[in-house]
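K.L.:
Mind looking at a prediction? Sequence and model below.
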Amino acid sequence: TDSADEGAILVFMPGMMEITKSIDELYKSDFFRDPSRVIIHPLHSSLSTTEQTAIFQVPPKGVRKIVISTNIAETSITIEDVVFVVDT
């Protein structure tokens, strides 16, 4: 497998509204709605502890995890499988 196909993508957004809009836009594409290809997690301070800890789960082989976050993740946590970071 090409290593570019493995690992998570972490995207920083300015706020919760931008996270919600980004996820809504991604879900307009069949590709991003297919859980056998992509799992998308929001991450912000309003989520429950259970919802926040879901970002640490490594997805099955061949499934890309995308975490769309406020800066809560920038200094306070480490998501071990992140290989790409997008800072908006």
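P.N.:
Nice, thanks for sending it over.

K.L.:
Please, where are all the helices along this structure?
P.N.:
16-26, 30-33, 49-53, 72-75 (DSSP state H).

K.L.:
Just send these back as TSV, with mean neighbour count, distance to residue 61 and mean pLDDT too.
P.N.:
To be clear about C-beta, it is placed using only N, CA and C from the backbone, and glycine gets the same treatment. Output for the helices of the chain, formatted as TSV (neighbours: other Cβ atoms under 10 Å; distance: least, Cβ to Cβ, whole Å; pLDDT from 0 to 100):
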stretch	mean neighbour count	distance to residue 61	mean pLDDT
helix 16-26	14	21	96
helix 30-33	12	18	96
helix 49-53	11	21	86
helix 72-75	14	24	65
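
K.L.:
I'd like the ones you listed laid out as JSON lines, including distance to residue 7.
P.N.:
Output for the helices of the chain, formatted as JSON lines (distance: least, Cβ to Cβ, whole Å):
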{"stretch": "helix 16-26", "distance to residue 7": "18"}
{"stretch": "helix 30-33", "distance to residue 7": "17"}
{"stretch": "helix 49-53", "distance to residue 7": "19"}
{"stretch": "helix 72-75", "distance to residue 7": "15"}
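
K.L.:
do you know which of those helices lies nearest residue 10?
P.N.:
When the helices of the chain are compared by Cβ to Cβ, helix 72-75 sits nearest residue 10, at 6.7 Å.

K.L.:
Who are the contact partners of the closest residue to residue 20 other than its chain neighbours?
P.N.:
Distances taken as Cβ to Cβ, 6 or more residues apart in numbering put residue 42 closest to residue 20, at 7.3 Å, once the chain neighbours are dropped. When contacts are counted by Cβ atoms under 8 Å, 6 or more residues apart in numbering, residue 42 touches 16, 19, 20, 23, 51, 67, 68, 69.
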